[in-house]
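S.K.: Build the 3D model from these lines:
(chains A and B)
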Amino acid sequence: AQRVTQPEKLLSVFKGAPVELKCNYSYSGSPELFWYVQYSRQRLQLLLRHISRESIKGFTADLNKGETSFHLKKPFAQEEDSAMYYCALRKRAGANNLFFGTGTRLTVIP
Amino acid sequence: NAGVTQTPKFQVLKTGQSMTLQCAQDMNHNSMYWYRQDPGMGLRLIYYSASEGTTDKGEVPNGYNVSRLNKREFSLRLESAAPSQTSVYFCASSEVGRSGELFFGEGSRLTVL
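M.R.: Below is the predicted model of the structure:
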């Protein structure tokens, strides 16, 4: 069975400090990993996906298959990064179900 | 474009009452989903519909029924609401394919007393 674990419910960092939101997964196949974000009073939306290898809003995430991790990183946090972040997994390309972690609430302190 | 629209946004029910959450999308997506979000649990899939005319159970389908009325609309029905169904419900849609991106509605907060 698949599982997505986000060990930190809450994370606070100062503006300008680096931030890392942790995500670990367990699944025996070759999953696809995603980060979704929900800003205050906005809808849950895709932030980035591992297959795109992209940087969005200064965030990057590398899939580490050996450690089964997909941590989200940003070198310099901004106040507008304060939000709820969810890591999600789907078992294979084209699969219908996304399995979500429990989320991490990031607060960037001015 | 409205994207994904859910109604109602808030609802209070008594145990045993029934209700239907409505969801519509205007992005011509084939797939639609219903998730519930509970504190400390993240989002869990209740039901999904890969295409018009098909529905499948997700992780937590008990106590719910769904109807894919047409390509645009996907409703979630609670036949006999229970306090354990107090949650925030999210509808989402996606296009079949590699991207995997889900587009979410604003959520519906349901309280069952």
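S.K.: When you work out contacts or count neighbours from here on, use the C-alpha atoms and nothing else.
M.R.: OK.
S.K.: where does residue B:84 fall, phi/psi-wise?
M.R.: Phi and psi for residue B:84, reported as degrees, to the nearest 10, are phi -70, psi -10.
S.K.: Please list all residues in contact with the closest residue to it other than its chain neighbours.
M.R.: The shortest distance from residue B:84 to any non-neighbouring residue, by CA to CA, 6 or more residues apart in numbering or on different chains, is to residue B:112 (7.7 Å). Counting by CA atoms under 8 Å, 6 or more residues apart in numbering or on different chains, residue B:112 touches B:12, B:13, B:14, B:15, B:81, B:82, B:83, B:84, B:85, B:86.
S.K.: Are any of these buried, and if so which?
M.R.: Those of those that meet the buried threshold are B:13, B:81, B:82, B:85, B:86, by 16 or more other CA atoms under 10 Å in any protein chain shown.
S.K.: what's near enough to touch the third one?
M.R.: Read that as residue B:82. With CA under 8 Å, 6+ apart as the criterion, the residues that contact residue B:82 are B:14, B:15, B:16, B:112, B:113.
S.K.: now, which of those residues sits nearest residue A:109?
M.R.: Within the contacts of residue B:82, proximity to residue A:109 (CA to CA) peaks at residue B:112, which comes in at 36.3 Å.
S.K.: give me the beta-bridge partners of that closest one?
M.R.: Here residue B:112 sits in beta bridges with residue B:13, as judged by DSSP bridges.
S.K.: Can you tell me the closest non-neighbouring residue to the spatially most central residue of chain B?
M.R.: Central residue of chain B (CA atoms, centre = their mean): residue B:34, 2.7 Å from the mean position. Residue nearest to residue B:34 in three dimensions, not counting chain neighbours: residue B:91, with 4.6 Å by CA to CA, 6+ apart.
S.K.: Likewise for residue A:88?
M.R.: Excluding its sequence neighbours, the residue lying closest to residue A:88 (CA to CA, 6+ apart) is residue A:100, at 4.3 Å.
S.K.: where does chain A have low pLDDT?
M.R.: Counting by pLDDT under 70, chain A contains no low-confidence segment.
S.K.: Write out the residues of it neighbouring chain B.
M.R.: Residues of chain A lying close to chain B (CA under 8 Å from any CA of the partner chain) are A:42-46, A:86, A:93-103.
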